[in-house]
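Participant: The following block contains a protein sequence and its predicted model.
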Amino acid sequence: MGNLFKTKLNAATIVLIPACIGINYLGKLFASLLKLPLWLDCIGTCVGACLGGPVIGGICGAINNIIYGLTTGDNITLIYALTSFGIGIAVGITARLGFMETLPKSLVCALAGGLAAVIISTPLNVMFWGGTTGNVWGDAVFAITQANGMPVLLGSFIDEVLVDVPDKLLTIIITFLILKGLPEKIKALYDVDAKVERLD
């Protein structure tokens, strides 16, 4: 429990951060170009959170949003750096608690990431964009809720749930498969409990 937020800052971690940001960037670009009903922008965040811990996951998520927003002119993305940071923290904590050991257990990580996204994003949606999310499919759902006289906050919440929960479920499944495919020697580089053995 004491190692929940412990971060191992070594060369492997320094390499991990840009690699995870790159995965996030490509995922979001792919989803945006194809107008998918998902974000796919936090696979790297979750990989970073599971390997490096909550702090690394949060950093990967936030920096990705900033870079994506500045390079594509997507100002919406800049605001949601807070959401991505929260997702990285939530997934990192649940991963450290052992919820990425099996695929069924990993669903707890997906729920934690989805919940963090919904809780942080919903008020941002209302404050900055009138309740919309910027996701074409999600905003179509939001428009339906508003046409039926639903409060903006509730409509935005439903919009977020319908997009974020499936997105985080798919993201965590992909993350789980990536981690399972990594050699144990690679994963050991990020183990905060690992001790360096003397060679003499």
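Facilitator: Everything's here; your move. The model shown is predicted, which means the values in this text are computed figures rather than measured ones.
Participant: Could you give the number of residues near residue 103?
Facilitator: Residues contacting residue 103 under the criterion other Cβ atoms under 10 Å number 12. The way it works is simple: take the backbone N, C-alpha and C, and place the C-beta from them, glycine included.
Participant: my bad, residue 63
Facilitator: With other Cβ under 10 Å as criterion, residue 63 counts 20.
Participant: Could you shift the numbering so residue one becomes 30, and keep it that way?
Facilitator: With 30 as the first residue, the last one maps to residue 92.
Participant: Report pLDDT for it.
Facilitator: pLDDT recorded at residue 92 is 96.
Participant: give the contact list for residue 69.
Facilitator: Residue 69 makes contacts with 56, 57, 59, 60, 196, 199, 200, as judged by Cβ atoms under 8 Å, 6 or more residues apart in numbering.
Participant: Spell out the secondary structure type for it.
Facilitator: In three-state terms, and counting by DSSP: H, G, I helix; E, B strand; the rest coil, residue 69 is coil.
Participant: Check the contacts of residue 69 and tell me the two furthest apart.
Facilitator: 57 and 199 (13.6 Å; Cβ to Cβ).
Participant: what's the closest of the contacts of residue 69 to residue 219?
Facilitator: residue 200 (19.2 Å).
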